[in-house]
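Student: 3D model of this:
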Amino acid sequence: VNLRYVIQAANGYGLVTLALLLLDLDIFERNGRRMMDVMRAHGVGWRPHSKAIKSPELIKLQMAIGAHGATCAKVSEAEVLVAGGVPSVLIAYELAQPVKWERVAALQEHAEVIACVDRPEHLAMASEAGQRAGGSTTCAGTSARPLRAASLYQCTRKRLRASAASGSTPASCACTVGGG
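Tutor: Numbering: from 1, shown residues only. Here you go, the predicted structure:
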């Protein structure tokens, strides 16, 4: 089928008014497998960013190939991915408003949603949202170098306060919050 002809014909009748994704799934899968091969060869995982494809179905296809889940920038994007059945989502930017943490806590009923913190106040918001949702906050962070795989530890609110008092507050932390 000549796709250019189909699109031109549809436009002639006013049928195609929005952006249209045309994807060769064989090539998409082949590229995903190549990416997974590179990741495995280097001993790292793959969590593709959803901004490239904006499709929970395509993220799930990438997960079938070997991706750990999806990465997104905002809570609203995580909500779309979780509603579309993606079981694990990382929000790559820090959440600085309690209402955002409340939304992340609500998502935990349906999927693992991980968010980043870089300040004690963010962790406190995460903890409070988790407690209000009837659960807890689990955080894993690195010491002063978030880009290195050094000294991973569980950082609870109590430990973060102790770290802050000693001047060794973690530079970043990834958290899941939510109900039981």
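
Student: what element comes up after the longest helix along the chain heading to the C-terminus?
Tutor: Assignment by DSSP state H gives helix 25-41 as the longest helix of the chain. As assigned by DSSP states H and E, the chain's next helix or strand after helix 25-41 is helix 56-65.

Student: for the longest helix of the chain, C-alpha coordinates in CSV please.
Tutor: Output of helix 25-41 as CSV, limited to C-alpha atoms (Å, rounded to 0.1, in the frame of the first residue of the first chain):
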residue,chain,number,x,y,z
LEU,A,25,6.8,-2.6,14.2
ASP,A,26,9.5,-5.0,12.9
ILE,A,27,12.0,-2.1,12.7
PHE,A,28,10.8,-0.8,16.1
GLU,A,29,11.4,-4.2,17.7
ARG,A,30,14.7,-4.7,15.9
ASN,A,31,16.0,-1.4,17.2
GLY,A,32,14.7,-2.1,20.7
ARG,A,33,16.5,-5.5,20.7
ARG,A,34,19.7,-3.7,19.5
MET,A,35,19.4,-1.2,22.4
MET,A,36,18.8,-4.1,24.9
ASP,A,37,21.9,-5.9,23.6
VAL,A,38,24.0,-2.8,24.1
MET,A,39,22.6,-2.3,27.6
ARG,A,40,23.2,-5.9,28.6
ALA,A,41,26.7,-5.8,27.2
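
Student: how far off helix 56-65 does it point, in degrees?
Tutor: In terms of direction (axes from the mean of the first three to the mean of the last three CA atoms, to 10 degrees), helix 25-41 departs from helix 56-65 by 50 degrees.

Student: packing partners of helix 25-41?
Tutor: Contact here means 3 or more CB pairs under 8 Å, 6 or more residues apart in numbering; DSSP states H and E; on that basis helix 25-41 packs against helix 56-65. Backbone N, C-alpha and C define where each C-beta goes, glycine included.
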